[in-house]
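>>> A structural model of the following input is requested.
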Amino acid sequence: MQGRAWGNEFQTTTVCVDEYDGQVPKGRLYNPYWGMVPFSSLMEFLLSMEELLDSMNFPQSFTAARSFSQPREGMEYIPSEGEIQAGKCGTFAVRVYFRQNASWQGSVSWLEGGREERFRSVLELAFLLNSALSGEGPPQKAKRTSA
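Below is the predicted model of the structure:
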């Protein structure tokens, strides 16, 4: 599939969060290329998204991922039914445009909140998801006090 141009429907992954207890998201990912993939933590969500992006080779990774084990190969992917999915706690459309500096850059749309924000890193994406799911605003910078 090297060199194949992916359509817009493949570039957006729907993230359905069904539980958000103790700032731990649990839910499922939907992508037309991959079908449905459950996750039960932020780390599982991030690893599943990275595996999806690697399998599609889009966007191409700026750097090769480093790990202590060999990457998995030969996974079989099933196209989804194309139905609209929704999470019990929140639904997000995540679109990754670039994978540079060992991170992701893109946009996330909070479907229930009717808002879209751009993110410059995976950490910023995690903060945006947390702010929507916990009902908080954007993270505040810590105030320094002089001693």
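>>> tell me the buried residues in stretch 127-134?
Residues of stretch 127-134 classed as buried: 127-133 (neighbour count, 16 or more other Cβ atoms under 10 Å). Backbone N, C-alpha and C define where each C-beta goes, glycine included.
>>> and the longest helix for the protein?
Counting by DSSP state H, the longest helix found in the chain is helix 42-56.
>>> who touches the next helix or strand after that helix?
Downstream of helix 42-56, the first helix or strand assigned by DSSP states H and E is strand 90-98. With contact meaning Cβ atoms under 8 Å, 6 or more residues apart in numbering, strand 90-98 is reached by 11-17, 20, 49, 53, 59, 62, 85, 104-112, 125, 129, 132-133.
>>> okay if I get the buried residues of stretch 127-134 as CSV plus secondary structure?
Shown next, in CSV, are the buried residues of stretch 127-134 (DSSP: H, G, I helix; E, B strand; the rest coil):
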residue, secondary structure
127, helix
128, helix
129, helix
130, helix
131, helix
132, helix
133, helix
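>>> need phi/psi at residue 33.
Main-chain dihedrals, residue 33, degrees, to the nearest 10: phi -80, psi -30.
>>> thought it was touching residue 54?
No. Judged on Cβ atoms under 8 Å, residue 33 makes no contact with residue 54 at a distance of 11.9 Å.
>>> okay, those two: which has more neighbours?
residue 33 (19 against 16; other Cβ atoms under 10 Å).
>>> any idea of the pLDDT on that one?
We have a pLDDT of 81 for residue 33.
>>> skip ahead from the worst-scoring helix or strand of the chain on mean pLDDT and say which helix or strand is next.
Least confident helix or strand, the chain: helix 8-11 with a mean of 65, by mean pLDDT, DSSP states H and E. As assigned by DSSP H and E, the chain's next helix or strand after helix 8-11 is strand 12-21.
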